[in-house]
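Q: Sequence plus the predicted model coming up.
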Amino acid sequence: MAILVDESTRLVVQGITGREGGFHAAQMAAYGTNVVAGVSPG
C-alpha cells in the first residue's frame, strides 16, 4: 500500500495535547505542513 503525500495533503496529529505531540506539530507547521486538526487520547 502506497501513501501519497504532496503539498495539498492535510494532516491530523494524534496526541497533539501532549508535550511530544505539541512539539512535533509545531515543527511540522513551521516546515509548512498543512496541520488541520489534532486529537487527544481519552
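A: Sure thing, it's come through.

Q: what sits opposite the residue most central in space within the chain in the beta ladder?
A: What sits nearest the mean C-alpha location of the chain, by C-alpha atoms, centre = their mean, is Val13, with 3.7 Å. Bridge pairing for Val13 (DSSP bridges) gives the partners Gly38.

Q: isn't it right up against Val36?
A: No: counting by C-beta atoms under 8 Å, no contact exists between Val13 and Val36, whose distance comes to 9.2 Å. To be clear about C-beta, it is placed using only N, CA and C from the backbone, and glycine gets the same treatment.

Q: hang on, the earlier thing: okay, the residue nearest to the centre of the chain: pLDDT?
A: What the model reports as pLDDT for Val13 is 94.

Q: which residues does it contact?
A: Gly21, His24, Ala25, Met28, Val35, Ala37, Gly38, Val39 (C-beta atoms under 8 Å, 6 or more residues apart in numbering).

Q: Can you pull out the low-pLDDT segments for this structure?
A: When residues are selected by pLDDT under 70, none of them lie in the chain.
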